[in-house]
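1. Got a sequence here, can you build the structure:
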Amino acid sequence: MAWVLYSLIGVLVVLLFVIKRLIAKDTPQNEKVTLPYKKRDDFLSAAELYFYRTLGMYLGDKTVVCPKVGAKELVFISNCVGKDYMKFFNYIAKKHIDFVLCDAKTMQVICAVELDDKSHQKEGRKHRDAFIDRVFATAQIPLFHIKAQSSYTRNDFTDILNCVHSAESKSFVKSAQTAIKIKKETPDADDLVPICPKCGVRMVKRKATRGTNYGKEFYGCVNFPKCREVKEI
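-> Numbers count the residues shown, from 1 in each chain. Coordinates of the predicted model:
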């Protein structure tokens, strides 16, 4: 039995070594090291800033425009990919979207905008744009491409404004308006357990702890809060 103990100790030593190496890559080990970071003055380029201000003129106060949002903050990876999770994560990890429009009250994403300048004509960028288009289409987030130009009119934003107005006219899912405490239970072992229409996985029973539906059970997605799909029981 001694060899089992030694083996476990060996495994723990290796794990500690690996964890230490990973931490070392994330943060400096020497806290006294002089950091070289300075505040950038070009968070938005002149073209991006002009577009941001002009678009804001046509949007009401019910919409918030967020610039330079990481793609990984907008979509998540379904757990059905298994061991390929990191592969799909790496595809989006370092990519960002120029502008994301959100509902001012709930901060739920309405749509996204890519401001296409001359750099988008490069072959590598075309390939990247095509991939991002596929990602957003799969996630069902409207993504609009607007050509960067010296001036804009309301007509240039027609599709964006229609999307925003459409979102404002729809009632949001109840789970987005109610604070819910997840109480995961073992799903029923029959075909009555619904499948999440967004993630394609079996849903689980939950119970609302606040609001008008307090105490009421319902089916929710296992990926909550990333996915807020619900089904009444």
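2. where exactly do the helices run in the protein?
-> Listed in chain order, the helices of the chain (DSSP state H) span 2-26, 46-58, 85-93, 123-139, 158-169, 174-177.
3. Check the ones you listed for me: which has the lowest mean pLDDT.
-> Per-stretch averages of pLDDT across the helices of the chain put helix 174-177 at the bottom, with a mean of 44.
4. what's the closest non-adjacent residue to Lys216?
-> Counting by C-beta to C-beta, 6 or more residues apart in numbering, Lys216 lies nearest to Ala208, which is 5.3 Å off, once chain neighbours are set aside. Where you see a C-beta, it was placed from the backbone N, CA and C, and this is true even at glycine.
5. List the beta-bridge partners for that neighbour.
-> Ile180 (DSSP bridges).
6. per-domain residue ranges of this structure.
-> Taking automatic domain parsing as the domain assignment, the record places the domains of the chain at 1-30, 46-169, 173-233.
7. of the ones you listed, which approaches Lys39 most closely?
-> Of all the domains of the chain, it is domain 46-169 that lies closest to Lys39, at 15.0 Å by C-beta to C-beta.
8. chain center to that closest one: distance?
-> Here the centre of mass of C-alpha atoms in domain 46-169, compared against the chain's by C-alpha atoms, centre = their mean, to the nearest Å, lies 11 Å away.
9. For that domain, measure first residue to last.
-> Distance between the boundary residues of domain 46-169 (C-alpha to C-alpha, to the nearest Å) amounts to 33 Å.
10. sorry, back to before: for the domains of the chain, could you give me JSON lines that also reports distance to Lys38 and mean neighbour count?
-> Formatted as JSON lines, the entries for the domains of the chain read as follows, by distance: least, C-beta to C-beta, whole Å; neighbours: other C-beta atoms under 10 Å:
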{"stretch": "domain 1-30", "distance to Lys38": "17", "mean neighbour count": "9"}
{"stretch": "domain 46-169", "distance to Lys38": "18", "mean neighbour count": "14"}
{"stretch": "domain 173-233", "distance to Lys38": "34", "mean neighbour count": "15"}
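11. Grab the most central residue of the protein for me.
-> For the chain, the residue whose C-alpha lies nearest the mean C-alpha position (C-alpha atoms, centre = their mean) is Leu74; its distance is 1.8 Å.
12. Settle this for me: that residue is touching Cys102, isn't it.
-> No: applying C-beta atoms under 8 Å, one finds Leu74 not in contact with Cys102, separated by 10.1 Å.
13. Which residues are in contact with each of these two?
-> When contacts are counted by C-beta atoms under 8 Å, 6 or more residues apart in numbering, the set common to Leu74 and Cys102 consists of Val109.
14. about what we covered before: pretty sure the residue nearest to Lys216 contacts Val230?
-> No: here Ala208 lies out of contact with Val230, judged by C-beta under 8 Å, at a distance of 9.6 Å.
15. any shared contact partners between the two?
-> Overlap between the neighbourhoods of Ala208 and Val230 consists of Phe218, taking contacts as C-beta under 8 Å, 6+ apart.
16. Determine how far the last residue of stretch 118-126 lies from the first.
-> Using C-alpha to C-alpha, the end-to-end distance of stretch 118-126 comes to 11 Å.
17. For Tyr37, find the nearest of the domains of the chain.
-> Closest approach to Tyr37 among the domains of the chain is made by domain 1-30 (11.8 Å; C-beta to C-beta).
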